[in-house]
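Colleague: how would this look folded up:
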Amino acid sequence: DKSRVILPAVAYGGEVAGAISSALKFLKHAVGNSKFCVGKADGTNADGNNEIDALGCGEANYDTSAPGDSYLEGDISADGFTKLTAVAAGNGHVGSNTCGVFKAITGNDGEAGGIKIATSNIKVHLAHGLIEGKVDDQPERAEFSNNFGQGKAHHTD
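Modeller: Sure, this is the predicted structure:
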């Protein structure tokens, strides 16, 4: 029965789409100096903040169809979004030392900008874990290929 896959996919898809849009808006405006988190689509490791809206990652619009290709049956399973596997530190950012938002706590908390993080037990979750920060300048992504039925409770730390 495909409704077992379709209904959770639509529900979680809408929720995650809004969370992604919110997180990207945050990252677009929460950077400083020459550091940035959103890279250019052409892979040049350049600041892609100005491309966010043009690429369809601006405000979520639920009254129109999403741009691009339709979803393939293998992209969504009864368990989750099959292609959203985990991304470890160092692989989820634009380039070396570019995501200036996530900074570990050092010295006086007021001395440096950014979201203060410390150890793997204290981290930042954006978009239900699609973007995480627990290491300086290296956002990560949680596993999403097996998350239906868990929703927001998927991340308990």
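Colleague: Could you give the bridge partners of D47?
Modeller: Beta-bridge partners of D47, counted by DSSP bridges, are G39.
Colleague: next structured bit after the least confident helix or strand in the chain by mean pLDDT?
Modeller: When the helices and strands of the chain are scored by mean pLDDT, DSSP states H and E, strand 115-117 comes last with a mean of 64. Sequence order places strand 124-126 as the next helix or strand after strand 115-117, per DSSP states H and E.
Colleague: Give the buried residues for that following strand.
Modeller: Residues H125, L126 are the ones in strand 124-126 that count as buried (16 or more other Cβ atoms under 10 Å). For glycine as for every other residue, the C-beta is placed from the backbone atoms N, C-alpha and C.
Colleague: What of stretch 44-53?
Modeller: For stretch 44-53, using 16+ other Cβ under 10 Å, the buried residues are D47, G48, N49, E51, I52.
Colleague: end-to-end on it?
Modeller: End-to-end distance of stretch 44-53: 18 Å, with Cα to Cα, to the nearest Å as the criterion.
Colleague: again with stretch 79-94
Modeller: Stretch 79-94 has an end-to-end distance of 29 Å (Cα to Cα).
Colleague: What of stretch 38-55?
Modeller: First-to-last residue span, stretch 38-55, Cα to Cα: 12 Å.
Colleague: Looking at it now, give me its mean pLDDT.
Modeller: Average pLDDT, stretch 38-55: 77.
Colleague: Show me the shaky parts of this protein.
Modeller: Along the chain, segments meeting pLDDT under 70 span 1, 31-33, 56-73, 90-92, 95-97, 100, 103-122, 147-157.
Colleague: where do the helices sit along this protein?
Modeller: Counting by DSSP state H, the segments of the chain that form helices are 3-29.
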